[in-house]
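Undergrad: Give me a 3D structure for the following:
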Amino acid sequence: MPGDGTEFDYIVCGAGASGSVLARRLADNPDIQVLLIEAGGNDQSELVQDPRRALGNLGSERDWQYVMQPNAALAGRRLPLPAGKGLGGGTSINFMYWTRGHREDWDFFAAVSGEPAWNAASIEYVFDRIEDRTEANAASPSSGGMVPITRDALSAPLLEAASTAFSENGSARYDDINGALLHHPEGHGPRERNILRGRRISAFEAYIRPRLGHAGNLHVVNDCFILRVNVENKQAVGVSVLIGNDVVELRTRCETILCTGAMQTPKILMLSGIGPRRELEHHDIPVRHHLPGVGLGFQDHVLLQGCNWLSRPAADEEPTTGGIVGYAKSSASLAASDLQFVFTGFMVANDQIAARFGYPEGSYQYRQGWGISVGLLRPFSSGTVRLADANPLSHPLIDPRMLSDPRDEQALLDGIALARSIGNSVNLKPFAARELSPGDLSADGMKDFLRQAVGTYFHPSASARMGTDDLSVVDGKLKVHGLERLRIADASIMPRVPAANTMAPSIAIGELASDFVMAAHGR
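TA: This next block holds a predicted model:
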């Protein structure tokens, strides 16, 4: 660190999908001193780097290990909510699905923010500078970006049969799910992921690691826990952090930028005295800036796992790698898909479903069958992120209120019906000994299955959303309303959760944030 190590031009808080991108882009200017801080540890683990071992990160020291509040619509269940804690954030522990988001999402972001840089046409250029599709063999101009994208082959007999089954259920096949499909409401294609030669390439690995030791103006400190943003005269002047047992004050000459995610960002804001007055006063936190929308509007995709089929012995001899991602509308009246289907050559279900349907021991996370997961991409339900208390080390109270809107339950029921239609099609019969779950159930039985099978997609968002109304937290250029020198650049700013796995959109947020910051300061 330069000088006494406590003052920088920019402090970027959080080394995940958005923060790694933003810090790198700012530090490309050698005249700018950038500090990137991260609450978690390093990313040097085979569990991070080997995509086949991604599941082992959940519940580890690289996971914040959040647990949601009891959900009345799910019989009082408290769902775990994994979130990345460490260099790379969620991009170091997730399952590496790369989806840009439908053009309708990006046009919606532009409309509610009043900032045209978010629209679908503009965002295509942003993704072109993010992606390197050399390994995907795609007919795409984006071959020199930072993040390598690879595409699953659908040559395995099981996947070929599954693709035909999707098509016969009205889902057109696209070779590139991040190309033409984004302009259509429905379809399916091979999964794309940020993997290169069998290794995960996280946002930190792609953007920051190549510069470590080579850029004297980029400073990275992990195991650095953010306590609060410090505000003086309606300006953010830096942050207070905990390093070991020491509280350290770090100051900025230009801006402080929170990239800490949809749970930590509203928590840090409220601990800093920025948020709903009633919430702050309830915890005896001095109100520095009343901002009523902080923590409101929280959304996560609902993921239903448990639509599974046991394989015939001959079909189970060679495990099928790769997968298919499909999109569909639960109602013909919708302009774009609200359901995502992920077909994989293995089964996944929670312990409740496994016990209820008599799964063979251990089979529901391995290769004795195959399955179709159903994701609800456009939930009507939304919830809150609130403080548990004024202790910075306490987890926030996360209440997504999943399925609180009955339209969400109905959309998922429609999704289960379509998944079963695909899985039970004539094309897949040679690969299935039998449907393991849910099978033919009564209407009430199917609803009960749904409530037991629902979990989170690990896509938290929209808790400090972008917009121009009284409950928005940041404007279209990600500046916090009513304060100077403070921005937010992570999934919390999304006006709603997009119809996509949120990693790629979060990286795009980091890229756009760097454009906004550099333009504001004439860089």
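Undergrad: make it CA atoms for all contacts and neighbour counts henceforth
TA: Will do.
Undergrad: For the protein, which segments are assigned as helices?
TA: Ranges of helices in the chain, per DSSP state H, are 17-27, 46-49, 103-113, 120-130, 157-168, 203, 261-271, 277-282, 351-356, 406-423, 443-453, 503-520.
Undergrad: With only the CA atoms kept, save the fifth one in CSV.
TA: Put plainly, it is helix 157-168. Extracted as CSV, the C-alpha positions of helix 157-168 are listed here (Å, rounded to 0.1, in the frame of the first residue of the first chain):
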residue,chain,number,x,y,z
PRO,A,157,-27.3,-39.8,-26.5
LEU,A,158,-29.1,-38.7,-23.3
LEU,A,159,-28.7,-35.0,-24.1
GLU,A,160,-29.7,-35.5,-27.8
ALA,A,161,-32.8,-37.3,-26.7
ALA,A,162,-33.6,-34.5,-24.1
SER,A,163,-33.2,-31.8,-26.7
THR,A,164,-35.6,-33.6,-29.0
ALA,A,165,-38.0,-33.9,-26.1
PHE,A,166,-37.8,-30.2,-25.4
SER,A,167,-38.5,-29.5,-29.1
GLU,A,168,-41.5,-31.8,-29.2
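Undergrad: what comes up buried for the longest strand along the chain?
TA: As assigned by DSSP state E, the longest strand anywhere in the chain is strand 246-258. Buried residues in strand 246-258, defined by neighbour count with 16 or more other C-alpha atoms under 10 Å: 249, 250, 251, 252, 254, 255, 256, 257, 258.
Undergrad: Test my guess that the third one contacts residue 12.
TA: It stands for residue 251. No - if you go by C-alpha atoms under 8 Å, residue 251 and residue 12 don't touch, sitting 11.5 Å apart.
Undergrad: so what sits against both of those two?
TA: Applying C-alpha atoms under 8 Å, 6 or more residues apart in numbering, one finds that no residue jointly contacts residue 251 and residue 12.
Undergrad: average pLDDT across the longest strand of the chain?
TA: Strand 246-258 shows a mean pLDDT of 97.
Undergrad: And stretch 288-297, by the same measure?
TA: Mean per-residue pLDDT for stretch 288-297: 98.
Undergrad: now what about that stretch, what contacts it?
TA: Contact partners of stretch 288-297, identified using C-alpha under 8 Å, 6+ apart, comprise 231, 234, 266-267, 269-270, 272-277, 382-386, 462-465, 470-473, 481-483, 496.
Undergrad: just the strands in the stretch 151-300 of the chain please.
TA: Remark: strands assigned in the stretch 151-300 of the chain by DSSP state E, counting those that start in this stretch are 187-190, 192-193, 195-196, 199-200, 218-221, 224-232, 235-243, 246-258, 274-275, 289-290, 296-298.
Undergrad: Could I get those in TSV, plus columns for distance to residue 488?
TA: Output for these, formatted as TSV (distance: least, C-alpha to C-alpha, whole Å):
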stretch	distance to residue 488
strand 187-190	33
strand 192-193	26
strand 195-196	28
strand 199-200	26
strand 218-221	19
strand 224-232	12
strand 235-243	12
strand 246-258	5
strand 274-275	13
strand 289-290	15
strand 296-298	15
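Undergrad: nearest to residue 395, of the ones you listed?
TA: Nearest to residue 395, of all the strands of the stretch 151-300 of the chain, is strand 224-232, at 12.4 Å by C-alpha to C-alpha.
Undergrad: Centre of the chain to that closest one, how far?
TA: In terms of C-alpha atoms, centre = their mean, to the nearest Å, the centre of strand 224-232 is found 24 Å from the chain centre.
Undergrad: swap in stretch 402-409?
TA: Distance of stretch 402-409 from the chain centroid (C-alpha atoms, centre = their mean) equals 21 Å.
Undergrad: which outside residues touch it?
TA: For stretch 402-409, the external contacting residues (C-alpha under 8 Å, 6+ apart) are 71, 73, 74, 302, 376, 379, 380, 381, 382, 383.
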